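Peer 1: could you work out the structure for the sequence below:
(2 chains)
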Amino acid sequence: MKKENFIWSALKIGLTSGAIAIFICLIGMVDVFSKRDVVEEVITLGQFVLLATSVMAGLLASRRTVHLLGREKWTAALVSGLAAGFISGGMVALLVLLGDKVNLRAIFLNASPVLYELLTFGKGVGNIWVLPLMGALGGLLGGAYLYLPGRISHPVNRGLFIIVFMALFAGLFRVIFINQGPEMEKVAKYLFGQTGLTKAGALIFFFGVILITVFWTYRGAAVRAGVARLPKAGQVSLRVIAIALIAIIALALPGVSGPFISQVIVTVALFILMGLGLNITLGFAGLLDLGFVAFYAIGAYTVGLLTSYGPFGLQHISFWEAIPIAVLVSIAAGFTLGLPVLGVRGDYLAIATLGFGEIVRLLAGSDFLSPYFGGPQGIIGIQKPCIGVLEPFVKMDVPRVCHPIWTGDFLFLKNITIGGELGTPQTIYFVAIAAALLVAFVAWRLRESRLGRAWMAIREDEDVAEALGINLIQTKLLAYMLGAAMAGLGGAIFATLIGSIFASSMQLIVSINVVALIIVGGMGSIPGVIVGAIALIGLPELLREISEFRYLLYGAALIAMMLAKPEGLWPSQAAKRELHHENTEAQL
Amino acid sequence: MSMLNVENVHTFYGNIHALKGINLHIEQGEIVTLIGGNGAGKTTTLRTISGLLKPSEGNITLNGEDLIKYPAHEVVYKGVSMVPEGRGVFARMSVTENLEMGAYSQSDTGKLARNMERVFHLFPRLKERRAQLAGTLSGGEQQMLATGRALMAEPKLLLMDEPSMGLAPVLVELIFDIIQQINNEGVTILLVEQNALMALSIAHRGYVLQTGEIVLGDKAEQLRNDPTVQKAYLGIE
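Peer 2: Next comes the predicted model:
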């Protein structure tokens, strides 16, 4: 085989990165991101993304060169990094030149003068040389990064990450801080601007994280050893303190963060419920279900029909009475789905369950059943959960009144209320978190149980499992039913959170999201479900401004994830061991 | 009364008539081997006995009790265990977990520990590797694990499907030694093999299966000296 030339590989990497840069320009990402800052008056998010492509190109090209020629040829490595960055920036410059002569807007809607303005820093085509220069600089930086020793590059890495992270969520943090009173408002305005971090904020976060990382690198081992040396009682109390701290933060969070973040957390918790459910059918028992949203819908509709004071309400019972019924109905639905698809395996199972999910959605939204399920109008006026005394139902469209358990003064505290209607995201938060914790505990106990073992045996080999004495029918049906119960509980809370449900919100994409979050978190892993839900549901919800590009980024993240960390973010023990052994075998 | 009696059993795969009236019997304490070429119906016979396939006609009795009426997952409770073709270990479970799965039909945890000790005694290699994932074991070790897993259910009758498949000759000998050892401990064995020479060297009796029918059944020694068997399965002209 002919040895690969490093210049050639730098060229290839530069061209690829240039193509990516042009792509993100033409889809309008640069445009939108330019309205956000990473650091105010220093760099916008749009510029940052473009610069990042050059730096990545430089990094990859230099790494390739080091791989081909060896680490000692540092000039060649830096040159190839520089070249790749230059080409990447140059291609964007060519786009501007082309766009200046030809009207590209007929095809690419976003190839507007605004974009060219942004790309040339507002100076027009005369300023075009800046782009390749910036690219080359970025590429050089990327190449130089390779030669940083680990003890420097590691903290710098973290520092940069925290800047980008804080900048992306600057608006949120600002609001949270400002809510806490005038002193905190000053702090917030010092750290966070309207659209990103302030200069001071960026420096504080950057060096703060670097200090922590450096401290942990040099002293972390000593701290850990110190903890390990503590007597047993000390360790236990340390753990108790940690758990108590987490609990206090969890209890205070909705009050501190306001309705938006509470709503996001509730959404994440609902997806955790669905994820834990699917983790039983798919993660434990290996039964792929692409129609999982059906159980969510069934839980939601059951609560809706049973508690609504709107036109389709049947019983007007309270949320707490409706919950167990919703779970039971979901279990029955799981049984109904499970029975016909018992003998179906693999790809065929995916299609069959996909069909089930669509059937439930279409039936719920159909004109045919609209006298019962409201059709496209959905079910409105779903009663909120009440802690206290719920007055009887009076008439349609009038919610039942909820009286708190107790109101009055307590010592120096005036107007204390205990209980009341859980009508806001901040209050439903507690219901959702409690349900997620309960279900996570149940899932964990199930995994350790005899039934859990049977599921895993079925996942590995159905015939052998059967020959060992595992009743396939019973075990598989239980997987479907328990998974459905968890999703149904999620749907039930969803119904009361939103107050109304529509068949159109039970789309296939919900099922796909649940499958994706399980895979990203780590198949069969319970903490993985939580991490996956936060990463795939929570973060995109918080980054609403870039929601246009949500699925693009989502897809890119999934591909990157499968290439870099196929076992998931928080893999189960078995998956970890499997990968570990592969590594050791590769070394032999 | 024989321990296992298979009478006139017909089994179909869809439209394919795989077993065309099999008759065989196994006495308590025997090793009986079933030899034959590819597609003769050896595995189908085992799967029919273990309940994974249901015959369309015929009787299977274990110590006089009808076995066909039990679904596959209950047959193990009657004292029949299977070592499947291609081993079928649970690749993503550890050796210990695989063995525990083998005892799925046993409720007594004290017995579980004893049986595990017995398996580790038979296969010291498994004890060394007990924390390792089954998928990372070598072929021979996987065969040991599959055999050990079947023994965890304390079978009276052990059905073994091609234990020598894909193993180095030295390992084949080891496995066959252990089969004899298991048999000496009182487990009756039905051994399906393509390696007819090895199988007939440890078996008491044997049957020759050809396109779904038993064409010969005799003492192992007799079969070894039978000219047609020698020609077709032992490679002796």
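Peer 1: for the chain, which residues score under the pLDDT cut-off?
Peer 2: I'll assume chain A. A:1-3, A:574-588 (pLDDT under 70).
Peer 1: can you look at chain B instead?
Peer 2: For chain B, the stretches flagged by pLDDT under 70 are B:237.
Peer 1: now do the helices in it.
Peer 2: With DSSP state H, the ranges of helices along chain B come out as B:42-49, B:72-75, B:95-102, B:109-122, B:124-128, B:139-151, B:169-184, B:196-202, B:220-225, B:227-232.
Peer 1: domain ranges for the chain, per the record?
Peer 2: You didn't pick a chain, so chain A it is. What the record gives for chain A is the domain set A:1-147, A:150-229, A:259-385+A:422-584, from automatic domain parsing.
Peer 1: please go with chain B instead
Peer 2: Following automatic domain parsing, one gets these domains for chain B: B:1-79+B:157-171+B:187-237, B:90-154.
Peer 1: mind putting these in a markdown table, distance to A:Gly381 included?
Peer 2: Glycine gets a C-beta too; all of them are placed from N, C-alpha and C. A markdown table is the format used below for the domains of chain B (distance: least, CB to CB, whole Å):
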| stretch | distance to A:Gly381 |
| --- | --- |
| domain B:1-79+B:157-171+B:187-237 | 49 |
| domain B:90-154 | 49 |
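Peer 1: for A:Ser547, which of these is the nearest?
Peer 2: domain B:90-154 (37.9 Å; CB to CB).
Peer 1: do that closest one and chain A meet at all?
Peer 2: Yes - between domain B:90-154 and chain A, judged by CB under 8 Å from any CB of the partner chain, the touching residues are B:90-94, B:97, B:100-102, B:104-105, B:132-133, B:135-136, B:149, B:153.
Peer 1: so how far does that domain reach from one end to the other?
Peer 2: 19 Å (CA to CA, to the nearest Å).
Peer 1: to A:Ser330, which of the helices of chain B lies closest?
Peer 2: Among these, helix B:72-75 sits nearest to A:Ser330 (CB to CB), with 27.0 Å.
Peer 1: other SSEs contacting the closest one?
Peer 2: If contacts are counted by 3 or more CB pairs under 8 Å, 6 or more residues apart in numbering or on different chains; DSSP states H and E, helix B:72-75 sits against helix A:462-467.
Peer 1: the helices in the stretch 401-550 of chain A, which residues?
Peer 2: Counting by DSSP state H, counting those that start in this stretch, one finds helices in the stretch 401-550 of chain A at the ranges A:425-448, A:450-460, A:462-467, A:472-498, A:508-521, A:526-533, A:539-542, A:550-564.
Peer 1: contacting residues around the fifth one?
Peer 2: With CB atoms under 8 Å, 6 or more residues apart in numbering or on different chains as the test, helix A:508-521 has contacts from A:271, A:274-275, A:278-279, A:282-283, A:288-293, A:296, A:354, A:357-358, A:361, A:527-533, A:535-537, A:554, A:557-558, A:561-562, A:568-570.
Peer 1: just the buried residues of these.
Peer 2: Using 16 or more other CB atoms under 10 Å in any protein chain shown as the burial test, the contacts of helix A:508-521 include A:271, A:274-275, A:278-279, A:282-283, A:288-293, A:296, A:354, A:357-358, A:361, A:528-533, A:535-537, A:554, A:557, A:561, A:568-570 as buried.
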